[in-house]
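A.B. asks: I would like the atomic coordinates for the input below:
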Amino acid sequence: MKKSKVVVGMSGGVDSSVAALLLKEQGYDVIGVTMQVWQDEDFCDISENGGCCGLSAVEDARKVAEKLDIPYYVMNFKKEFKEKVMDYFVEEYLKGRTPNPCIACNRYVKWESLLKRSLEIGADFIATGHYARIEKFPNGRFALRSSVTAAKDQTYALYNLTQYQLSHTLMPLGEYEKEKVRKMAAAAGLPIADKPDSQEICFIPDHDYAAFIEREAGARVPGPGNFVTKSGEILGEHKGITHYTIGQRKGLNLAMGHPVFVTKICPDTNEVVIGGPEEVFSKELFCEKLNFMSVDGLERPRRVLAKIRYAHKGAAGIIEKTGEDRVRCIFDEPVRAVTKGQAVVFYDGEYVLGGGTIV
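C.D. replies: Sure thing, here's the model as predicted:
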């Protein structure tokens, strides 16, 4: 019987390397691919500490592929990454929203573009080192299931994958804890067993989002404006709306005598609304650009656990359809810092029911 061919997206890190190792051990015909997304050669220095986009990622992935004795290629996805991830990131901030570039990268670059190219070269699947599991339901639909390790679960960032993409994807690390993955890498003699995890947004290694947006958008970036209360009272001057996100407390430089937070960003008036801690909490949210996994759509109100950001543990509530592509989530208890542009992901137990973009 012919072995299934799988293209493993290799970032040069321990997770994707062990994914390739496991699949080879399981008898798959494995091909390693690193996605070239960096925009210029100077950019390559950024990945020395575990990033997934630079030249050192290529060198590390190549060494792992040699050790595993699998074919290895670098595929150029610069154009797709610039359009679908970097440009999207900038445009969202200019609109007063806080985007999640990793979700966009997963959906439109790592899956849409890499999967298309992989199938063209005769692969049956693509695989990644994400901590998540894929299961097929009795209704024929595919859904993500949480990783066995809550500390590393990455289902939130993958909620937007389509049924077609899930049906052609393998995620072998969903059954393992990170410590075990590092031990497997060391036991196999992989040169990246102790490489630290990447934490930053790969195209902004210095974490200075506002400076990146200014470089990319130039004169389109709105300048300073007013900090205001929700009643319109002017409190002071802000540096520009791209410097702020909902729930932010640090860096406001407002001497109010008590803690204050960003509660709203208004690109139309170039104002940042400030309020007390109680004003950062919301009882409900609306989301659009929906993607459902375990179900085809929302026929009736359902109880879910909703995660409103990557590090959020989730909050219980009820979701109901309010339009063709619109869902309202009403929480049992108010949640902190619901942020436009971020994803909300709905869980039914361990499974991803679906999710959308907070509006």
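
A.B. asks: Where do the strands of the stretch 51-200 of the chain begin and end?
C.D. replies: 72-76, 125-127, 132-136, 142-146, 169-170 (DSSP state E, counting those that start in this stretch).

A.B. asks: Ok, the stretch 201-350 of the chain next?
C.D. replies: 225-228, 234-238, 261-266, 271-275, 281-292, 302-307, 315-323, 326-336, 343-348.

A.B. asks: and the longest one, what does it pack onto?
C.D. replies: Taking 3 or more C-beta pairs under 8 Å, 6 or more residues apart in numbering; DSSP states H and E as the contact definition, the neighbouring helices and strands of strand 281-292 are strand 326-336, strand 351-358. To be clear about C-beta, it is placed using only N, CA and C from the backbone, and glycine gets the same treatment.

A.B. asks: tell me the angle of the longest one relative to strand 351-358?
C.D. replies: Just to be clear, that refers to strand 326-336. Strand 326-336 runs at 90 degrees relative to strand 351-358, counting by axes from the mean of the first three to the mean of the last three C-alpha atoms, to 10 degrees.

A.B. asks: Export the strands of the stretch 201-350 of the chain to CSV and append columns for distance to residue 65, mean neighbour count and mean pLDDT.
C.D. replies: Formatted as CSV, these follow (distance: least, C-beta to C-beta, whole Å; neighbours: other C-beta atoms under 10 Å; pLDDT from 0 to 100):
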stretch, distance to residue 65, mean neighbour count, mean pLDDT
strand 225-228, 51, 19, 98
strand 234-238, 48, 16, 97
strand 261-266, 45, 20, 97
strand 271-275, 48, 21, 97
strand 281-292, 33, 17, 98
strand 302-307, 35, 19, 98
strand 315-323, 42, 15, 97
strand 326-336, 43, 17, 98
strand 343-348, 33, 25, 98
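
A.B. asks: what about those, which gets the closest to residue 113?
C.D. replies: When those are compared for distance to residue 113 using C-beta to C-beta, the nearest one is strand 281-292, at 17.7 Å.

A.B. asks: quick one, the closest one and strand 261-266 angle?
C.D. replies: Using the same axes, to 10 degrees, strand 281-292 lies at 50 degrees relative to strand 261-266.

A.B. asks: Now strand 281-292 - C-alpha only, PDB.
C.D. replies: Output in PDB follows, covering the C-alpha atoms of strand 281-292 (Å, rounded to 0.1, in the frame of the first residue of the first chain):
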ATOM      1  CA  PHE A 281     -16.300  44.800  31.800                       C
ATOM      2  CA  SER A 282     -19.000  43.700  29.300                       C
ATOM      3  CA  LYS A 283     -22.000  41.400  29.700                       C
ATOM      4  CA  GLU A 284     -22.300  40.600  26.000                       C
ATOM      5  CA  LEU A 285     -20.500  40.800  22.600                       C
ATOM      6  CA  PHE A 286     -21.400  40.500  18.900                       C
ATOM      7  CA  CYS A 287     -19.200  38.800  16.400                       C
ATOM      8  CA  GLU A 288     -19.200  38.400  12.600                       C
ATOM      9  CA  LYS A 289     -17.200  36.600   9.900                       C
ATOM     10  CA  LEU A 290     -18.300  33.300  11.500                       C
ATOM     11  CA  ASN A 291     -16.700  29.900  11.000                       C
ATOM     12  CA  PHE A 292     -18.300  26.800  12.400                       C
END
